[in-house]
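Peer 1: This is a predicted model, with the sequence first.
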Amino acid sequence: MRTMIALVALSFSSSFLFAQTSVDNGNQFVAKGFILVEAEDQDWSIYNDEDNNIYYIDFEKITFNLSEIVVLNEQNEEVFKEDVLDLPVNSIYELDFKPFGTGQFKIELRSFTKFIKKDVLIK
């Protein structure tokens, strides 16, 4: 009986840990109860096709495995998010900015422990 009560209490407390919202604190990002630290190594390959507003992200140049790609607008609102955990490490990811219009955006490449970001301007 005590074991059952302990399991129920644990399940409720863990749901509170994972119910936190995302907060950007400069070089830290809090999401789902975990703190992600901005990676020191910002040397990742991104190629852009300015005529078509498409960016290409080369996964082989990133020093950690990605879990998701996120695009934020000028107000730090999430306009795009995709889970990329299942993609091979030698992928080249195509990110189309046409649906977002013009303006200043941030691309964030996230793993479970860290993230890297890049500011882009779409004309």
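Peer 2: Yes, it's here.
Peer 1: residue ranges with poor pLDDT in the chain?
Peer 2: Under the criterion pLDDT under 70, the flagged ranges of the chain are 1-44.
Peer 1: where along it do the helices fall?
Peer 2: Under the criterion DSSP state H, the chain carries helices at the ranges 2-17.
Peer 1: Kindly state the beta-bridge partners for the residue nearest to residue 101 when sequence neighbours are not counted.
Peer 2: When the adjacent residues along the chain are set aside, residue 101 lies closest to residue 122, with 7.3 Å between them (Cβ to Cβ, 6 or more residues apart in numbering). For every residue, glycine as well, the C-beta is placed using N, CA and C. With DSSP bridges applied, residue 122 shows beta-bridge pairing to residue 103.
Peer 1: Tell me, how many residues neighbour residue 122?
Peer 2: Other residues near residue 122 come to 15 when the count uses other Cβ atoms under 10 Å.
Peer 1: ok, now residue 105?
Peer 2: Burial measure for residue 105: 21 neighbouring residues, criterion other Cβ under 10 Å.
Peer 1: so it makes contact with residue 72?
Peer 2: Yes: using Cβ atoms under 8 Å, residue 105 is in contact with residue 72, at 6.6 Å.
Peer 1: got any residues that touch both of the two?
Peer 2: Listed as contacting both residue 105 and residue 72 by Cβ atoms under 8 Å, 6 or more residues apart in numbering are residue 79.
Peer 1: Residue 92: what's it in contact with?
Peer 2: 56, 57, 58, 59.
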